[in-house]
Every structure is written in C-alpha cells, then in structure tokens.
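S.K.: fold the following.
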Amino acid sequence: MILVHKESEDLSQPSPIMESSEIPEELPILPLRGVVVYPHTAIPLTIGQPRSIRLVDDVVAGQRLIGLVASKKPELELPQPEDLYRYGTVAAMQRLFRTPDGTIRLIVRGLARFELGEFTKLEPYLVAKIQLKPETVEEGVEIEAQVRAARDQFQKIAELAPSLQQEILASVLLLDDPLHVAYTIANYQRMELDEAQEILEQDSAIAKLQRLNNLLSREVEVLSLGQQIQQEARTEIEKVQREYFLREQLKAIQRELGEGDEQTAEVEEFRKRMEEANMPEEAEKQARRELDRLARLPTAAAEYGVIRTYLDWLVSVPWDEATKDKLDLANARKVLDDDHYGLEDVKERILEYLAIRKLKI
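M.R.: So this is what the prediction gives:
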C-alpha cells in the first residue's frame with residue numbers, strides 16, 4: 001500500500017510548453033534505473049534521491065518538462081553522463097504525491113524522443129542540451145501487417161498471462177497509429193533494459209514493430225511452455241492422488257477379504273530385508289520397483305508369486321560378501337566336464353574368461 005501524504009499536486013492541466021515544436025533545447029535530465037519511458041505513454045515513477053527530488057521541485061515550479069534517460073548501470077545511485085544511454089524521452093509531469101518518508105510519487109507522460117547533447121550542468125542535478133529525434137512512420141501493407149501482428153501477439157500474451165489487465169488490452173486493440181501501438185505495447189511488455197532501449201532508439205515505426213514482434217513472439221513461446229509445464233505438473237499430481245486413492249480402496253478390499261494384514265506384513269518384511277542387504281544402487285532401485293508392484297497386486301494374482309520369488313532371490317544374494325577367485329584352469333575344466341555334459345562352446349567361453357582374469361592379476 002502507498003501511504004499518500006495530504007500534500008499532493010495536480011499537474012494534469014496543460015503546461016504552457018507542451019507542443020514538441022516548443023520543447024526547449026536544454027532540459028534537466030532525470031536518470032532512470034531499470035526502466036525506459038516512451039513517447040505517448042504514461043508511467044508512475046518513485047523519486048528518492050536528494051538530487052532527483054531537487055530536480056523535480058525545480059521543474060514543478062517551472063515548465064514541468066524533464067528529460068528521462070535510462071541508466072546503463074541500474075545499480076548506480078548517482079549515474080554520471082557517461083553512464084546514460086544517448087536516447088531518452090521528453091516527459092511532462094502530470095501528477096505528484098509527496099509521501100511521509102520524503103519520497104515523491106510522480107506520474108509522467110512521454111512526449112517526444114530526443115538524443116542527448118552536451119551536458120551544461122552536473123550540479124545540483126544534470127542538465128543537458130537535447131536534439132529531438134522524430135520517428136519515421138511508413139505507410140503501406142507491411143506496416144499494417146506489423147501493427148496487426150503486434151496487437152494479435154499482445155492479445156495472446158493477455159490470454160496466457162491473466163495478470164495483464166483487460167482494460168490495457170482493450171486500449172491497445174483500439175489503437176491504429178503504428179508508433180502508439182509500438183510504444184504502448186512495449187510499455188506493458190516485460191523485457192530486458194537493453195531490449196526496451198533498443199525499441200526507443202529505432203528510427204522508424206516499422207523497425208520498432210519488427211523488433212517488438214520478435215520479443216512478443218518469444219514471450220508467447222515462453223508463456224505457452226510455462227502453461228504446458230504447469231498442466232503436466234497438475235496432471236502428474238492428479239495421477240499420484242488417483243493412485244493413492246485407488247491403493248487405499250484396494251487395501252480396504254483386501255482387508256475385507258482377509259488378505260490385507262498378511263500381505264502388508266510380507267511387504268514390510270521384504271522392505272526390511274532390502275535395507276539390511278546392502279544392495280548396489282541399481283539393484284535396490286529395481287527391488288523397490290518390484291516391491292511397489294507386489295504391494296498393489298492381490299495375493300491371488302498370477303504375477304504375485306513370480307514377483308515374490310524374484311524379490312526373495314534379490315534380498316538373499318550376498319551383495320556385501322566377496323570370495324577369493326579360484327583361477328586353476330585345469331581344475332575348472334575338470335569341474336565343468338564332470339558337472340555338465342556337452343556344451344563345449346559355453347565351457348570354452350568360461351575358460352577364456354578365467355584365463356583373462358588370471359592374466360590381469
């Protein structure tokens with residue numbers, strides 16, 4: 001909540017100097033942190049630096065026009081001329097609120113684009129000569145297509161991001177002027193500082209719209225992907241909840257049939273034996289997967305006995321015990337011949353394996 005002090009000043013009445021042809025060649029410059037102000041748009045600003053407050057106080061008493069220029073380094077408290085972008089926007093102050101903590105809430109409206117010239121004052125705040133830079137507004141099918149594309153993509157963003165107020169969308173859809181469309185959408189569109197500044201610095205309306213449409217297309221893609229991820233997450237949560245509900249139902253049915261207690265005890269016994277078996281990670285992962293299957297199956301199911309036997313074998317293997325290899329090839333040949341008739345190819349492979357093991361020792 002913004003606490004507004006009783007002292008407020010309505011600056012909405014036109015200033016004596018409002019036409020671009022009457023904008024002075026020298027203006028006080030207010031550096032902005034992390035935001036770009038465009039012509040034909042209104043935006044609220046919070047002023048807290050003593051230097052900036054002094055600037056606002058002096059401007060309010062006079063022509064009420066300031067030059068707004070974004071700082072290349074938003075982290076700087078007191079940016080100097082070399083820290084500012086070269087292009088900015090002449091803005092008129094429309095409303096001013098003074099808060100109890102000394103900061104100023106200011107509503108400004110952009111009027112025209114300019115390029116910074118020589119700085120004539122550095123104290124108590126920046127003052128510089130400016131050169132207005134009117135944009136070129138093309139005519140024809142291409143500019144109309146760019147305007148429609150920008151409006152359509154902004155509408156898609158509004159559908160994908162419910163936080164965007166419908167009043168804003170409605171106002172954009174009513175705009176026809178290419179510059180107004182480009183600047184108004186850019187004013188509400190989330191983008192990096194250098195991207196926002198790039199749109200301001202483009203000299204033609206069609207160039208601004210082309211760049212803006214690229215950014216809007218990317219935002220639509222990001223929002224669509226985010227919505228897809230959220231939908232997949234919801235589906236997964238619903239699946240887990242459904243499985244839990246079905247398991248609880250199955251347990252209730254098994255209890256009614258007298259199967260629940262015995263099966264639960266058997267599952268818990270396997271779980272305990274798995275923890276004590278010191279199984280390798282992959283074997284333990286497989287064992288837990290099969291144990292989950294066992295817990296879901298009724299004891300009368302054909303798979304129940306197969307899975308139970310497999311689990312019993314897995315937990316019975318002496319995973320953490322090792323024996324000394326016996327690599328006597330002659331003895332191995334004798335044992336294989338005594339215990340297995342035929343299978344000569346298999347015996348040869350076993351003996352080859354033992355021979356290689358013996359060479360590596």
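S.K.: pLDDT score for I2?
M.R.: Reading off the per-residue confidence, I2 sits at a pLDDT of 29.
S.K.: repeat that for E275.
M.R.: We have a pLDDT of 84 for E275.
S.K.: D320 versus that one, what's the distance?
M.R.: The gap separating E275 from D320 is 13 Å, by CB to CB, to the nearest Å. Where you see a C-beta, it was placed from the backbone N, CA and C, and this is true even at glycine.
S.K.: same question, M191
M.R.: 58 Å.
S.K.: okay, now the sheet partners of the longest strand along the chain, with direction.
M.R.: Criterion DSSP state E: the longest strand present in the chain is strand 104-121. Paired strands of strand 104-121, with direction, are strand 42-47 (antiparallel), strand 87-98 (antiparallel), strand 127-132 (antiparallel) (DSSP bridges).
S.K.: just the CA trace of the longest one, in CSV.
M.R.: Below are the C-alpha coordinates for strand 87-98, written out as CSV (Å, rounded to 0.1, in the frame of the first residue of the first chain):
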residue,chain,number,x,y,z
TYR,A,87,18.5,8.4,-26.3
GLY,A,88,15.7,9.5,-23.9
THR,A,89,12.2,10.9,-23.8
VAL,A,90,10.9,14.3,-23.0
ALA,A,91,8.1,13.9,-20.5
ALA,A,92,5.6,16.2,-18.8
MET,A,93,4.8,15.8,-15.1
GLN,A,94,1.1,15.1,-14.7
ARG,A,95,0.6,14.4,-11.0
LEU,A,96,2.9,14.4,-7.9
PHE,A,97,2.4,12.9,-4.5
ARG,A,98,4.8,13.5,-1.5
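S.K.: show me what counts as buried in that strand.
M.R.: 87-98 (16 or more other CB atoms under 10 Å).
S.K.: distance between that strand and the chain's centre?
M.R.: Distance of strand 87-98 from its chain centroid, counting by CA atoms, centre = their mean, to the nearest Å, is 32 Å.
S.K.: about what we covered before: check which residues of the longest strand of the chain are buried.
M.R.: Applying 16+ other CB under 10 Å to strand 104-121 flags 104-114, 116, 119 as buried.
S.K.: how about low-confidence regions in this structure?
M.R.: Within the chain, the set of residues satisfying pLDDT under 70 comprises 1-21, 254-255, 257-262, 322-323, 325, 327, 360-361.
S.K.: please parse it into its domains.
M.R.: Taking automatic domain parsing as the reference, the chain has its domains at 8-132, 141-226, 257-316, 329-360.
S.K.: okay, those in JSON lines with distance to L246 next?
M.R.: Formatted as JSON lines, the domains of the chain follow (distance: least, CB to CB, whole Å):
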{"stretch": "domain 8-132", "distance to L246": "51"}
{"stretch": "domain 141-226", "distance to L246": "30"}
{"stretch": "domain 257-316", "distance to L246": "9"}
{"stretch": "domain 329-360", "distance to L246": "47"}
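S.K.: what's the closest of these to E232?
M.R.: domain 141-226 (10.5 Å; CB to CB).
S.K.: can you give me how far the closest one is from the chain middle?
M.R.: With CA atoms, centre = their mean, you get 19 Å for domain 141-226.
S.K.: and if you look at stretch 77-84?
M.R.: On CA atoms, centre = their mean, the centre of stretch 77-84 falls 30 Å from the chain's centre.
S.K.: buried sites along it?
M.R.: 79, 84.
S.K.: now do the end-to-end distance for that stretch.
M.R.: Using CA to CA, to the nearest Å, the span of stretch 77-84 from its first residue to its last is 13 Å.
S.K.: likewise stretch 61-80?
M.R.: End-to-end for stretch 61-80, by CA to CA: 25 Å.
S.K.: nearest approach to R247 belongs to which of the domains of the chain?
M.R.: Closest among those, using CB to CB: domain 257-316, at 6.6 Å.
S.K.: returning to what we had before: with respect to A170, which of the strands paired with strand 104-121 lies nearest?
M.R.: Short answer: strand 42-47, nearest of these by CB to CB, at 16.2 Å.
S.K.: check which element follows that closest one along the chain.
M.R.: Scanning forward in sequence from strand 42-47 by DSSP states H and E, the next helix or strand is helix 50-60.
S.K.: C-alpha coordinates for the helix or strand just after that following helix, PDB please?
M.R.: Next helix or strand after helix 50-60 toward the C-terminus (DSSP H and E): strand 65-70. Coordinates of each C-alpha in strand 65-70 appear next as PDB, following Å, rounded to 0.1, in the frame of the first residue of the first chain:
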ATOM      1  CA  LEU A  65       9.200  19.200 -18.600                       C
ATOM      2  CA  ILE A  66      12.100  16.900 -18.000                       C
ATOM      3  CA  GLY A  67      14.300  14.600 -20.000                       C
ATOM      4  CA  LEU A  68      14.100  10.900 -18.900                       C
ATOM      5  CA  VAL A  69      17.100   8.800 -19.800                       C
ATOM      6  CA  ALA A  70      17.700   5.200 -18.600                       C
END
